[in-house]
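Chemist: Sequence isn't available, so here's the structure alone:
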C-alpha cells in the first residue's frame, strides 16, 4: 500500500512509504535483510532504490525519500516494494502514482 499525496516533477524530500502486508495481515519487517522500493517511470525505465524503515520495521513500513533528479518525468509511475528474510523474499502489490509537470520558468 502506497501512502503519498500530490507530486510534481523535481520534488525533493517526497517520502514514498509502503506497508508490507500478506493477505491483509501486517508483516513485521524488522528482521529483513533486504528492503527495496522499485519504481517504473512513465518511459518504462526501472529504478531500484534501497529502502529504510519508517520506524523500526515492526509496523511493516519501509520508505524511500526522493533526492534531486529522482522525479524527472511527468506521468503515471508504478511502484512496488521488495523484502527478503535470509532466503525468503517477496514483492508487495504494485501501485501507481501521478507526477505532474510544472509551469516553465521564463
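Modeler: Done, it's in. Please read these numbers as outputs of a predicted model, since none were measured by experiment.
Chemist: Could you give the number of residues near the nearest residue to residue 29 once chain neighbours are set aside?
Modeler: Leaving out its chain neighbours, the residue that sits closest to residue 29 by CB to CB, 6 or more residues apart in numbering is residue 57, at 4.5 Å. Where you see a C-beta, it was placed from the backbone N, CA and C, and this is true even at glycine. Burial of residue 57 is recorded as 19 neighbouring residues (other CB atoms under 10 Å).
Chemist: For residue 57, list the residues it contacts.
Modeler: Listed by CB atoms under 8 Å, 6 or more residues apart in numbering, the contact set of residue 57 reads 28-32.
Chemist: Assign it to helix, strand or coil.
Modeler: coil (DSSP: H, G, I helix; E, B strand; the rest coil).
Chemist: Tell me the spacing between it and residue 69.
Modeler: According to CB to CB, to the nearest Å, residue 57 and residue 69 sit 28 Å apart.
Chemist: swap in residue 34?
Modeler: From residue 34 to residue 69 the distance is 24 Å (CB to CB).
Chemist: which of those two has more neighbours?
Modeler: residue 34 (12 against 8).
Chemist: any idea how far the more buried one lies from residue 92?
Modeler: 13 Å.
Chemist: can you list residues touching both of these two?
Modeler: Common neighbours of residue 34 and residue 92 (CB under 8 Å, 6+ apart) are 82-83.
Chemist: got the residue ranges for the strands in the chain?
Modeler: 2-3, 7-8, 15-19, 21-22, 25-26, 34-40, 46-50, 52-53, 61-65, 75-85, 88-91, 95-100 (DSSP state E).
Chemist: so can I have JSON lines of those showing mean pLDDT?
Modeler: Output for these, formatted as JSON lines (pLDDT from 0 to 100):
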{"stretch": "strand 2-3", "mean pLDDT": "52"}
{"stretch": "strand 7-8", "mean pLDDT": "93"}
{"stretch": "strand 15-19", "mean pLDDT": "95"}
{"stretch": "strand 21-22", "mean pLDDT": "90"}
{"stretch": "strand 25-26", "mean pLDDT": "92"}
{"stretch": "strand 34-40", "mean pLDDT": "98"}
{"stretch": "strand 46-50", "mean pLDDT": "98"}
{"stretch": "strand 52-53", "mean pLDDT": "96"}
{"stretch": "strand 61-65", "mean pLDDT": "97"}
{"stretch": "strand 75-85", "mean pLDDT": "97"}
{"stretch": "strand 88-91", "mean pLDDT": "91"}
{"stretch": "strand 95-100", "mean pLDDT": "95"}
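Chemist: Understood, closing this out.
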